[in-house]
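> Pasting the sequence and the predicted coordinates here, then a few questions.
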Amino acid sequence: MSQPSSLSNLPRLTISVILSYLQQPPITTHTKAPHNRDAISLLITNKRFAFAILPLFRLPKRLCKIHEYEAPKKDGSHHTVVMVEKYRFVTLPIQDPRTLLDRLNTRRLRRRIVYSQQRRKQSSSECQNNYQFGRTIEELALEEWVMLQIHYADKEAAACEDNQLRVWPAHLELLQFSDCSFYNGPVDSKDNEERRIMFKKLFRLCGRKQKEFTPVFDGSWLPSCNVFGNDITLLSSYPRSGNTLMRTLLERITSTITGSDTRPDRSLSIKLALEHDLVGEGLTGKDIPNTRHKPNISLSQRQKLYQTTYDPTVNIVKTHFPERQGWRKMTANRVILLVRNPYDAIDSYWNLCCTNTHTKSLDESVYSKYAFKFESMSRHEIKVWCDFHCFWFETCYKEGVPLLIVRYEDLILNPEKEMKRVMSFLNQGRDNDFDAFWTWRIKHAIDQTIDKDRAQTKCTASLGSYRPRSSAGGLASIGKSLSKNRYSESILHHMNDVAGSLLERFGYNIVNQKFPSNFTKTLPTVDSLCPVSVAQDWKNKGSIEINSGLEIRSSDDQFGRAMTTWRRGETNNDSEPFPTIQR
């Protein structure tokens, strides 16, 4: 392994990783004080421990820039002065995605032990090892993914009764970023030989004969690489339309982290990363080169620069643009547009703004007290909902970007069918030899293949990374805001006047199509319900840039980010939160 030539070429500053771990709060909540504050205090205040520990992380001189110059002496002669450039550390609230992923995978390894103990009690059969010893987390994730495909490709092993023991439940599988060096870039003979050695070890661990498999060692045969390639796909949606559910399902199917264009230090992003296992918050695609910063830039600009310096690569990125701008500009090649009926989406958005959480539901007293505020939001947001979807229809058609439309209602009623559509869209234009493999992965992600004793599909309310407000799941969660009479007749008429044609295209019209009862029947596909000219041909090589230009909200929109200011004003800066329903 070649040594880094400068500090900027290091993968991460080691001392920052140590301090980020020491400052990590307990799993229960991210708002409490660090649970090992004594260790931090000991490290930075006790000289004896500081002199013993900190030198372990000292950078060698070969990584520091050395300046030499001639300085005059008093007697008129000159001598050479050698100066080693020192680096000054600035405290910045930066999240390290790789550290978050390592912690997530470590927690999953711990849960495997509990899972294995429970299975051992239920069955007398011997369970497999929880994980291979002597491996890093990244190596374990890669090896398990490759071994998973080897076992699936072995038809004889697949027929064995104990073969399912080799596959962990989706929520216990290890995840990885898509920039693994094994997958990407050209390889030389040395790299190729290292991969052959790794495969020999994997086949030996699997108990299989290598001669039965002849994989291409450049990584192109691996399904995760085969699906994503180098393209960036956007998961675009109006807020509260199932984006987090889709990200969770994709991560379970592909064992690959997804990203988001939301600023990673926002409170909701921190909760998703620390409490709901979506560690890709703030990641927007390919790495940005580490440019030399100017000394007069602001602290926020410096934070943004260093936050993105060592970001891993992701190929699927969540966005709400143009409803609001993300924190970084980015360019994408494909778009998956998630659509949810505006009645439930707007009601859920109201709960999100008032509770600042993804899971809590407001008490009925809040709806009564702020009835005028909710009515005003409903009348305003239906226009935003329309403009949002029309933007993506028109922009994708204009730029020649492939677009796939997925209804949230279809996703929760038939997740297997919809995820097959999504994976087929991601896989268009590439080798289809792994269709059967991905079909199995989809069933595995929604818990249909591991536990064969279950007579029905797993409740869709538990498919995501957190329990949604509509915890009933399935058909009972569709149109729940209408059954609770959240909207008056005048508001419903206003919504129909503003968005009537678009509602009918998606099957959400409550007058002509009897929504939501029409979803008890087998509806036509969403493409036939949306007779709009959108680019769905994967051969189109167009691209789209987001998070630049104007939002569809005006600068003085009181129902966008200004809702945070309103909530804090009504709750004494969140010290007296709105009452919520106990779940």
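Nice, I can see it.
> And the average pLDDT for whichever strand or helix holds residue 139 is what?
Taking DSSP states H and E as the definition, residue 139 sits inside helix 137-153. pLDDT averaged over helix 137-153 equals 79, rounded to a whole number.
> and that helix, what does it pack onto?
Using 3 or more Cβ pairs under 8 Å, 6 or more residues apart in numbering; DSSP states H and E as the contact criterion, the secondary-structure elements in contact with helix 137-153 are helix 97-122, helix 155-159, helix 189-206, helix 435-445. C-beta coordinates here come from the backbone N, C-alpha and C atoms, glycine included.
> Out of these, name the one with the poorest average pLDDT.
helix 155-159 (a mean of 49).
> So what pairs up with residue 82 in the strands?
Under the criterion DSSP bridges, residue 82 forms beta bridges with residue 68.
> So it sits against residue 71, correct?
No - at 10.6 Å, residue 82 does not count as touching residue 71 under the criterion of Cβ atoms under 8 Å.
> got the contact list for stretch 548-568?
321-325, 329, 353-354, 356, 373, 376-377, 380-381, 384, 387-388, 391, 574, 578 (Cβ atoms under 8 Å, 6 or more residues apart in numbering).
> Quick one: buried ones out of the residues you listed?
Of all the contacts of stretch 548-568 considered here, the ones buried according to neighbour count by 16 or more other Cβ atoms under 10 Å are 321-325, 353-354, 356, 373, 377, 380-381, 384, 387-388, 578.
> Mind checking which of these are in helices?
Among these, the members found in helices (DSSP state H) are 353, 354, 373, 377, 380, 381, 384, 387, 388.
> okay, now residue 424: neighbour count?
The number of residues packed near residue 424 is 13, by other Cβ atoms under 10 Å.
> Same list, the ones in helices among the buried ones among the contacts of stretch 548-568, but as CSV with pLDDT and distance to residue 424 please.
Shown next, in CSV, are these (pLDDT from 0 to 100; distance: Cβ to Cβ, whole Å):
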residue, pLDDT, distance to residue 424
353, 95, 36
354, 96, 39
373, 96, 43
377, 97, 37
380, 96, 37
381, 97, 32
384, 97, 31
387, 96, 29
388, 97, 25
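> Reformat those residues as JSON lines; add distance to residue 342.
Formatted as JSON lines, the entries for those read as follows, by distance: Cβ to Cβ, whole Å:
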{"residue": "353", "distance to residue 342": "16"}
{"residue": "354", "distance to residue 342": "18"}
{"residue": "373", "distance to residue 342": "18"}
{"residue": "377", "distance to residue 342": "12"}
{"residue": "380", "distance to residue 342": "12"}
{"residue": "381", "distance to residue 342": "7"}
{"residue": "384", "distance to residue 342": "9"}
{"residue": "387", "distance to residue 342": "12"}
{"residue": "388", "distance to residue 342": "10"}
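> biggest separation within these, which pair?
For these, with distances taken as Cβ to Cβ, the pair at the greatest spread is 354 and 387 (23.4 Å).
> can you tell me which residues contact residue 417?
Listed by Cβ under 8 Å, 6+ apart, the contact set of residue 417 reads residue 410.
> Average pLDDT for whatever helix or strand it lives in, rounded please.
Residue 417 is part of helix 415-426, with elements assigned from DSSP H and E. Average pLDDT, helix 415-426: 90.
> try stretch 487-506
Here the mean pLDDT over stretch 487-506 is 94, rounded to a whole number.
> just stretch 558-574 next, same as before
When the per-residue pLDDT values of stretch 558-574 are averaged, the result is 94.
> Report the buried residues of it.
When burial is assessed from 16+ other Cβ under 10 Å, stretch 558-574 yields the following buried residues: 559, 560, 563, 567, 570.
> Restricted to helices, list those.
Among the buried residues of stretch 558-574, the subset assigned to helices under DSSP H consists of 563, 567, 570.
> Would you mind giving these as TSV with distance to residue 233 added?
Converted to TSV, these look like this (distance: Cβ to Cβ, whole Å):
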residue	distance to residue 233
563	29
567	33
570	39
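> so where do the helices sit in the stretch 451-583 of the chain?
480-483, 489-506, 526-529, 562-570 (DSSP state H, counting those that start in this stretch).
> Residue 520: which of those helices is closest?
Comparing the helices of the stretch 451-583 of the chain against residue 520 with Cβ to Cβ, the closest turns out to be helix 480-483 (13.9 Å).
> in that closest one, what counts as buried?
Judged by neighbour count using 16+ other Cβ under 10 Å, the buried positions of helix 480-483 are 480, 481, 482.
> Just put these in CSV and tack on pLDDT and distance to residue 257.
Compiled in CSV, these are given as follows (pLDDT from 0 to 100; distance: Cβ to Cβ, whole Å):
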residue, pLDDT, distance to residue 257
480, 91, 31
481, 94, 32
482, 94, 36
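> Distance to residue 428 for the residues you listed - can I get that in JSON lines?
Output for the buried residues of helix 480-483, formatted as JSON lines (distance: Cβ to Cβ, whole Å):
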{"residue": "480", "distance to residue 428": "35"}
{"residue": "481", "distance to residue 428": "36"}
{"residue": "482", "distance to residue 428": "36"}
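> coming back round to it: farthest-separated two in the buried residues of stretch 558-574?
Spanning the widest gap among these are 560 and 570, at 16.8 Å by Cβ to Cβ.
> Can you classify the residue lying closest to residue 256 once chain neighbours are set aside as helix, strand or coil?
Ranked by Cβ to Cβ, 6 or more residues apart in numbering and with sequence neighbours excluded, the top spatial neighbour of residue 256 is residue 178, at 5.1 Å. Classification of residue 178 by DSSP: H, G, I helix; E, B strand; the rest coil places it in coil.
> any low-confidence regions in the stretch 301-450 of the chain?
With pLDDT under 70 as the threshold, the stretch 301-450 of the chain has low-confidence stretches at 301-310, 429-434, 448-450.
> Contacts only, for residue 490.
The contact partners of residue 490, by Cβ under 8 Å, 6+ apart, come to none.
> quick one: it from residue 120, how far?
When distance is defined by Cβ to Cβ, to the nearest Å, residue 490 is 61 Å away from residue 120.
> Over to residue 487?
53 Å.
> Looking at the two, which is more packed in?
Neighbours were counted for residue 487 and for residue 120 using other Cβ under 10 Å; residue 487 has more, 21 against 12.
> Who's the closest spatial neighbour of the more buried one, skipping the chain neighbours?
Leaving aside its chain neighbours, residue 487 sits nearest to residue 378 (6.2 Å; criterion: Cβ to Cβ, 6+ apart).
> how deep is that neighbour tucked in, by neighbour count?
Per other Cβ under 10 Å, the neighbour tally for residue 378 reads 24.
> Quickly note the distance from it to residue 347.
From residue 378 over to residue 347 the distance is 8 Å, taken as Cβ to Cβ.
> which neighbours do these two share?
By Cβ under 8 Å, 6+ apart, no residue touches both residue 378 and residue 347.
> shouldn't residue 345 be in contact with residue 242?
No - counting by Cβ under 8 Å, residue 345 sits too far from residue 242 to count as a contact (9.1 Å).
> Next, count neighbours for the residue nearest to residue 106 when sequence neighbours are not counted.
In space, residue 106 comes closest to residue 137 once its chain neighbours are excluded; the distance is 6.6 Å by Cβ to Cβ, 6+ apart. By other Cβ under 10 Å, the residues close to residue 137 number 20.
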